[in-house]
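J.: could you look at this predicted model? Sequence included:
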Amino acid sequence: MTSESGYYTNFNFYQNANADAASVKTGFLVRHYEYGVIIDDLLRHSGKGSVQHYLLLGRRGSGKSTLLRRLQVEVDTNQKLVSTYIAINLAEEQANIYRLFDLLEEILRELESRGVEVEWPDENDAQTYSQMLFSIIHQVLEKAGKKLILLLDNIDRIFEALGEDVSLLRAHLQNYSDIKIVGGSTRMTEYFWAYDQPFYEFFRVLELKPLDREEVKTLLLSWAEKLGLQQLKDFVKKRPGQLETIRILTDGLPRTLQFFVNILLTNGQETGYDYLRLVMDKVTPLYQERLNHLPPSQRKIVLQMAFAWEAVGAKELALATRMENRVISAQLSQLIEKGVAEKIETKTKNHLYRLSERFFNLWLIFTQGSPREKRKARYLSIFLENFYDKRALKKMAEMHLYKLYKNKVAPDKAVLLTKAFAQTRYISAALRDLLIDETLTLPNVDISLKNELPITIREIINAVCEMEEVGEWDKAIRLTQSIEQDNGTREWLLSGIYLGKGDRKNAEYSLLQSVRKKFPLAFIALGDLYMQDVEFERAEKYFRLAFNKKIEGAAHRLCFIYYVNNENKDEVAAIVKSDKWDWSDSQAAGVLPIFKVWIGQFETLEQDLFQLAREKNIDLDRTIFHLLVHHQVNLIYHLFCSEEFDPQLSDQLLPLFYASRMLLPNADVFSIRMPPEIIETIREILLSIYLGRDVYYPTSETETFHRQSVLAALQGGA
C-alpha cells in the first residue's frame, strides 16, 4: 500500500529483528559469507578448544542486526548447536548499560527468562559485584553444560560505557571458554586496534562490505517475490544498467537501497525532483544520526568532501577547512576506518578521498549545503544522471518542455528543473536552449529566478566568437568549459579557439574528443583540419564517417577528397545523382560544377555556373579556377563577358578574368592591356592551372607549346 504522499509504506521488511524464526531464515538473503564463517566455527569446535570472538564491522544499514538475528535463530534451531550453545541477542540500543555489571545483569535476566534459576548476590562494591555476577554466569553455564553466544549490536558503544571494566571483561573471556562474543559495530574504535588496549587483536574482524551486483539482484528479486511486486521484478531483469547505478549510489547498503526501490514503486510522481525530495525526507533520520555521531572536526571534513563531490586531495581539504595537513590526514584515516570515506590510490603519494556512499553525499549537499538554488539544481542534475538512463532523462526533459509550453509547472519548480536539465550531460544543446528560452517566457516567474538560468549555448558561441576577435583566448576557453553538455559541443567549440590561437595540437585533441562523443560537426571539422594539413587519408576517414552518418556537408567533402586524388569517379557520380548530396549547402553548390566536368556530365554545366554567379556564391572563384583546369575556358570567358555580369564580375575577380583570357588565342595581344601590378598574380594562377591539368590530363606537345606562349606573353606584358 502507499501513503497519501505516494510512498510505499509496506516496504519495510528487511529489518526483521522481531520476526519469527522462519521469516528470519527466508528473509536472510545476503551476508552469507560472514554467516558461514561464524556458524562453521561453532559447528567445528562444538564448545571445545580456544574461543574466537568476532566483530562485524559495517555502516548503519549494512545488515549487522539482521546477521546477528540470523545467527541467534540458527543457534536456537540447529540440533547440533542448540545442544551446545545458548544464544543471547541483546537489544540493539543498550542505553541502560553504564558499567560491566549492567551488561552481566542483562545476560542473567535473559537466562532467567529462559527458565534458569539465578541467585542474585547482595554486594555494593561494583567490581566485586561484577566478579560475583561472572561467577554465577559460569556456574549456570556449567550446570547446563552449554556455552554462551553473546550477540552484541553496537558493541563499540557498550565498550565505551564500560570504561576501565573492559579489562575485567577481557580477563574472564581469556580465563574461561564458556562465552563467545559476536559484536556489531559501525566503526573500528581504538578498543580493537590500539596495541595498548585490552581487546587489541582480540576479535576477528568480518567487514560487511557493500553488496555486489549479484547480491543486490538477489535481494531485490526476493523483495519482489515476497510482496508480489511485478514492477520491481521487471526492473531487475530488464534494466541491469540502472540497477548497477542504484547499487553505486547506495554503496550497496540494504537499508538505503529500500528508499531507492520506493522510487520505482511510486513512479506516479511527476519529476525526478519530486522523487528525490521524497527520498531525502525518508533518509534524513538515518543520515542525521550518522553525521551527528562524528566529532565536529570530522563533520567539517565530511561536508567539504560532499560539496566537492569529486574525489579531492588532503591539501584541498586542508585549504577548505583551514586545518593543518597533519590534522586532515589523521581525521581522514579515522573516517576511512569508520567506512564514511574511502581513499583512491594514485601513482603519487598524494592520494584522493571521497565519501563512500554517493547518496549520503547528495543528502549532505541538499540538507547541509548552501541554500542557493544553483547548487541544488546542479546536484539534482547529478541525481537525475545517475538514477535515470540517457533515454529516460531525455524523455523527462522533453516532458518538462511540453509542460513549459502549456504553462503547467509551478514557477519555482520550472526554473529549478530547467537548470537541472540544462546542466545534465544527456540532453542535446538544442533541447537545452529550448528549455531555457521557454522558461524565460513564463509569465509568472520572478525576474530574479529567471536571472539564475544559465545562458544558452547559442549565447555562449556568440560570446566566444567576440572574444576570439579581440584575442581573449583564455577567457573564451573558460566560458566554453562552462558548457555542461557532454555531447561534444564543448570540445568542438574549444577546437576553434585553439585553432584561432595557433595551437593545432590541442585543436586536434579537442576534435578527437568531440568525435568520440559523436558530435556531428566534429567529424567535418576534423576532416577539414586534416585536409588543410594535406593528410588525405585521415581526412577521408572522418568525411566517410560523417557521410555514413548523413551529416550535412560530408558528401561534397568526401567527393572533393576523391577529386583531389583523381580517384573513385564512379562513386562521386553516384553521390552527385543521389539524395545524399548536400543540395542545400552553398559550398556543395560551389563544387558541383567541378565534379560534373570531372566525371563528364556537361548537360547543365552552364546553367549551374550562372546560377552560382547570381547567388554570389562565396566559393565562385574556386569553381572558376577548377573549371579552367578542366579546359572550360570559353565557358568562363562567356560568363565574364555576359550582359548579365559584365563588368561587375570581371572587376570582382580581375586576376581570374585575365587568366581566363590568357588561355584563349591571341594571349600576346591581350597581355599588353593588363595592369602591370597584377601580372605576377596572373602568372601564379596560370602556373597553378597548369599543375592541375597535369594531374587530370596527359600533357600534349600542343599544350606545352601553348603554355610556353602564354608565359612568354606575360613576360612581354611585364
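T.: On my side now, so go ahead.

J.: could you say what helices and strands the helix or strand encompassing Leu493 packs with?
T.: If you go by DSSP states H and E, Leu493 is part of helix 489-500. Applying 3 or more Cβ pairs under 8 Å, 6 or more residues apart in numbering; DSSP states H and E, one finds that helix 489-500 makes contact with helix 457-469, helix 473-481, helix 504-516, helix 520-532. Yep, even glycine has a C-beta here, placed from its N, CA and C like the rest.

J.: can you redo these as a markdown table with mean neighbour count, mean pLDDT and distance to Lys64?
T.: A markdown table is the format used below for those (neighbours: other Cβ atoms under 10 Å; pLDDT from 0 to 100; distance: least, Cβ to Cβ, whole Å):
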| stretch | mean neighbour count | mean pLDDT | distance to Lys64 |
| --- | --- | --- | --- |
| helix 457-469 | 16 | 89 | 49 |
| helix 473-481 | 17 | 91 | 45 |
| helix 504-516 | 18 | 93 | 44 |
| helix 520-532 | 21 | 92 | 51 |
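
J.: any stretches of the stretch 251-400 of the chain with poor pLDDT?
T.: 259-260, 262-279, 282, 369-389 (pLDDT under 70).

J.: show me where it has its helices.
T.: For the stretch 251-400 of the chain, applying DSSP state H, counting those that start in this stretch gives helices covering 254-265, 272-292, 296-308, 314-321, 325-337, 358-368, 373-387, 390-405.

J.: how much space separates the residue nearest to Glu74 when sequence neighbours are not counted from Phe28?
T.: Using Cβ to Cβ, 6 or more residues apart in numbering and skipping the chain neighbours, the partner closest in space to Glu74 is Ile39 (6.0 Å). Distance, Ile39 to Phe28, by Cβ to Cβ, to the nearest Å: 12 Å.

J.: count of neighbours near Leu162?
T.: Leu162 has 22 neighbours, counted by other Cβ atoms under 10 Å.

J.: what sits closest to it if chain neighbours are left out?
T.: Leu100 (5.2 Å).

J.: surely Gln298 meets Gln331?
T.: Yes: contact criterion Cβ atoms under 8 Å: Gln298 and Gln331 qualify, at 5.3 Å.

J.: CA atoms of stretch 646-655 as CSV?
T.: This file holds the C-alpha atoms of stretch 646-655, laid out as CSV (Å, rounded to 0.1, in the frame of the first residue of the first chain):
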residue,chain,number,x,y,z
ASP,A,646,29.8,42.3,-67.2
PRO,A,647,31.7,44.3,-65.9
GLN,A,648,30.8,43.6,-62.2
LEU,A,649,32.1,40.0,-62.1
SER,A,650,35.3,40.7,-64.0
ASP,A,651,36.1,43.7,-61.7
GLN,A,652,35.5,41.5,-58.7
LEU,A,653,37.6,38.6,-59.9
LEU,A,654,40.1,40.6,-62.1
PRO,A,655,43.1,38.2,-61.8
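
J.: pull the residues that contact it.
T.: 613, 620-621, 624, 639-641, 657, 678, 681-682, 685 (Cβ atoms under 8 Å, 6 or more residues apart in numbering).

J.: go ahead and measure how far that stretch is from the middle of the chain.
T.: 57 Å (Cα atoms, centre = their mean, to the nearest Å).

J.: and stretch 253-260, by the same measure?
T.: 21 Å.

J.: and Ile39 and Phe28? Which one has more around it.
T.: Taking neighbours as other Cβ under 10 Å, Ile39 and Phe28 compare with Phe28 leading, 20 against 16.

J.: what sits against that one?
T.: 35, 66-67, 70.

J.: the helix holding Leu493 to helix 520-532, inter-axis angle?
T.: 30 degrees (axes from the mean of the first three to the mean of the last three Cα atoms, to 10 degrees).

J.: got the contact list for helix 489-500?
T.: 429, 457, 460-461, 464, 468, 473, 476-477, 480-481, 483, 504, 506-508, 510-511, 513-514, 517, 519, 521-522, 525, 529.

J.: quick one: that helix to helix 457-469, angle?
T.: Using the same axes, to 10 degrees: helix 489-500 against helix 457-469 is 10 degrees.

J.: what angle separates helix 489-500 from helix 504-516?
T.: Using the same axes, to 10 degrees: helix 489-500 against helix 504-516 is 160 degrees.

J.: and the closest residue to Leu108 other than its chain neighbours, how many neighbours?
T.: In this structure, Leu108 finds its nearest non-sequential neighbour in Val118, 5.1 Å apart by Cβ to Cβ, 6+ apart. Using other Cβ under 10 Å, Val118 is surrounded by 16 other residues.

J.: can you check Asp533 too?
T.: 12.

J.: same check on Ser584?
T.: If we define neighbours as other Cβ under 10 Å, then Ser584 has 8 of them.

J.: quick one: contacts for it?
T.: By Cβ under 8 Å, 6+ apart, the neighbours of Ser584 are Glu552.

J.: my reading is that it lies in a helix. Confirm?
T.: No: counting by DSSP: H, G, I helix; E, B strand; the rest coil, Ser584 falls outside a helix, being coil.

J.: what separation do you get for it and Leu108?
T.: Distance from Ser584 to Leu108, by Cβ to Cβ: 91 Å.

J.: Gln72 now?
T.: Distance from Gln72 to Leu108, by Cβ to Cβ: 18 Å.

J.: re earlier: gap between the helix holding Leu493 and the chain center?
T.: 22 Å.
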